[in-house]
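**Student:** pasted the sequence and its predicted model underneath.
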Amino acid sequence: MESFTAGLISLEEARQKMLDRLSPLSESETLSVYAAAGRITAAPVISPLNVPPFDNSAMDGYAVRMADIARGEALPLAGKAFAGDPFSGEWPAGSCIRIMTGAPVPEGTEAVVMQEQTTTEGERIRFTAEVKAGQNIRRAGEDIRQGDSVLAAGVRLGAAELPLIASLGIGEVEVVRRLRVAIFSTGDELQPPGQPLAAGQIYDTNRFAVRLMLDQLGCEVIDLGIIRDDPQALRAAFIEADRAADVVISSGGVSVGEADYTKAMLDELGAITFWKLAIKPGKPFAFGRLSNSWFCGLPGNPVSAAVTFYQLVQPLLAKLSGQQRAALPPRQRARAATRLKKTPGRLDFQRGIVSRGENGELQVVTTGHQGSHVFSSFSQANCFIVLERERGHVEPGEWVEIEPFNHLLGG
């Protein structure tokens, strides 16, 4: 076992080595808030106004002055205040004003009494509960003050953030420009979906899976297709990709026993490190710098390519785009509900289905066969079961770590 795992680099070390070399893009663009979903803020978003912009009522009820209700008498109505149609007349002493939620409170209002704490006596209103000064009044700037930073730089914009920006009357937002990512697969055995297979051929699913994940990450994808096992074609693909993109991602050609000219070519065109990762699936991985772009070489097996993209390339892209929030969901503890097969030596990312048991604990079951070619396991799973490097088989009832899928894999 020691000889098999000797020289393997841990996932954490590989990830840190990558991230330490990267700096976020500096170029930005200004977009309409309607076109900015999924983009990353390039600068803080500053509020141009107070939220709420004026003191307003938090309840349907009655605006009162404390002196007018001190004697405990029923008060006549002096008028009404609605959202968009505030009270504007004279407010005589010894009276109250009917007010609706969100309406500006009339000048002099010291409290709003909810209608459930009142009774009607003819045309007068009697207050049936203790009234405290300031109750049920939302003050101007209570949520956000003018000049406040409401979103920092490096925030991914979505359904929680963009309506907030719009609520401030801001119509445009400065975002980091989209990452340009060139992708291609290598190998004579690959065939595009929809075409017949010749003897010994398989369909190219890796590039398709990577493209789908890049689309979800908001990248501009430059798809160079399948590059055959020909040195000149491969060289031309690398040069074209390097000129066009910020990041180049290839699938295949990075494991032991594959064509030596791939490694030699990459060494010639840049400074690339070929790692043997201490993870399963996904041991072979390449990372480094070409003339103009960063390069990531994924394994050829479909599950290995997906796992290494998810665990290594996804954080790389997040840092380049300036995203401050961690790209990967935090891990949690769950009890294994099925036996999990595991050989010590590598950190194992098995595909699992996590749910909450009757006792409230998280429990996880395997999707079944965990081979690096069984891509169907992703369609069934909702998490990775992360088994430590030196751990062996796991029996039902033992605690394990899980990592719920994020949006890239359907989480």
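**Tutor:** Perfect, I can see it now.
**Student:** contacts for stretch 114-131 next, please.
**Tutor:** Under the contact criterion CB atoms under 8 Å, 6 or more residues apart in numbering, stretch 114-131 has outside partners 59-62, 64, 66, 69, 72-77, 96, 111, 113, 136. C-betas here are computed from N, CA, C, even on glycine.
**Student:** mind listing which of those residues are in strands?
**Tutor:** Here DSSP state E is the test, and the contacts of stretch 114-131 give 61, 62, 64, 75, 76, 77, 96, 111, 113 as lying in strands.
**Student:** coming back round to it: of the contacts of stretch 114-131, just the buried ones, ChimeraX syntax please.
**Tutor:** Listed next is the ChimeraX selection for buried residues among the contacts of stretch 114-131, using 16 or more other CB atoms under 10 Å:
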select :59,60,61,62,64,69,74,75,96,111,113,136
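**Student:** if we can go back for a sec, closest one to residue 400 out of the ones in strands among the contacts of stretch 114-131, please.
**Tutor:** Residue 400 lies nearest to residue 61 out of the ones in strands among the contacts of stretch 114-131, by CB to CB, at 53.7 Å.
**Student:** any idea how far the closest one is from residue 68?
**Tutor:** 15 Å (CB to CB, to the nearest Å).
**Student:** now do residue 107
**Tutor:** 14 Å.
**Student:** dump the ones in strands among the contacts of stretch 114-131 to JSON lines, plus distance to residue 331 and pLDDT.
**Tutor:** Compiled in JSON lines, the ones in strands among the contacts of stretch 114-131 are given as follows (distance: CB to CB, whole Å; pLDDT from 0 to 100):
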{"residue": "61", "distance to residue 331": "48", "pLDDT": "97"}
{"residue": "62", "distance to residue 331": "53", "pLDDT": "98"}
{"residue": "64", "distance to residue 331": "54", "pLDDT": "98"}
{"residue": "75", "distance to residue 331": "60", "pLDDT": "97"}
{"residue": "76", "distance to residue 331": "64", "pLDDT": "97"}
{"residue": "77", "distance to residue 331": "60", "pLDDT": "96"}
{"residue": "96", "distance to residue 331": "57", "pLDDT": "97"}
{"residue": "111", "distance to residue 331": "49", "pLDDT": "98"}
{"residue": "113", "distance to residue 331": "50", "pLDDT": "98"}
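**Student:** look up how far residue 75 lies from the closest residue to residue 299 other than its chain neighbours.
**Tutor:** Using CB to CB, 6 or more residues apart in numbering and skipping residues adjacent in sequence, the residue nearest residue 299 is residue 284, 4.9 Å away. As judged by CB to CB, residue 284 and residue 75 stand 80 Å apart.
**Student:** same deal with residue 301?
**Tutor:** 78 Å.
**Student:** and residue 382, by the same measure?
**Tutor:** Distance from residue 382 to residue 75, by CB to CB: 59 Å.
**Student:** so where's the stretch 201-350 of the chain shaky on pLDDT?
**Tutor:** 253-262 (pLDDT under 70).
**Student:** the stretch 1-150 of the chain too?
**Tutor:** Short version for the stretch 1-150 of the chain, where the test is pLDDT under 70: 1-6.
**Student:** run the last query once more with 90
**Tutor:** Residues of the stretch 1-150 of the chain that meet the criterion pLDDT under 90 lie in 1-8, 71, 89, 123.
**Student:** now do the strands in it.
**Tutor:** Secondary structure of the stretch 1-150 of the chain (DSSP state E, counting those that start in this stretch): strands located at 28-32, 45-46, 56-57, 61-64, 75-81, 96-99, 111-114, 118-121, 124-127, 137-138, 149-151.
**Student:** direction included, what does the longest one pair up with?
**Tutor:** Read that as strand 75-81. Strand 75-81 pairs in its sheet with strand 96-99 (parallel), strand 124-127 (antiparallel), by DSSP bridges.
**Student:** what does the first one contact?
**Tutor:** Contacts with strand 96-99, where a contact means CB under 8 Å, 6+ apart, come from 57, 60-64, 68-69, 75-81, 87, 91, 105-106, 109, 112, 125.
**Student:** residues near residue 186, how many?
**Tutor:** 26 (other CB atoms under 10 Å).
**Student:** how about residue 210?
**Tutor:** Around residue 210 there are 25 residues (other CB under 10 Å).
**Student:** doesn't it fall inside a helix?
**Tutor:** Yes. Under DSSP: H, G, I helix; E, B strand; the rest coil, residue 210 falls within a helix.
**Student:** OK, contacts around it?
**Tutor:** Per CB under 8 Å, 6+ apart, neighbours of residue 210: 183, 249, 251, 298, 305, 309.
**Student:** quick check, residue 322 in contact with residue 154.
**Tutor:** Yes. With contact defined as CB atoms under 8 Å, residue 322 counts as touching residue 154 (4.9 Å).
**Student:** please enumerate the shared neighbours of the two.
**Tutor:** By CB under 8 Å, 6+ apart, residue 322 and residue 154 have these common neighbours: 24, 40.
**Student:** which residues of this structure fall in helices?
**Tutor:** With DSSP state H, the ranges of helices along the chain come out as 2-5, 11-21, 66-69, 162-167, 206-216, 231-244, 260-269, 302-308, 314-320, 376-380.
**Student:** what's the separation between residue 302 and residue 282?
**Tutor:** As defined by CB to CB, residue 302 lies at a distance of 11 Å from residue 282.
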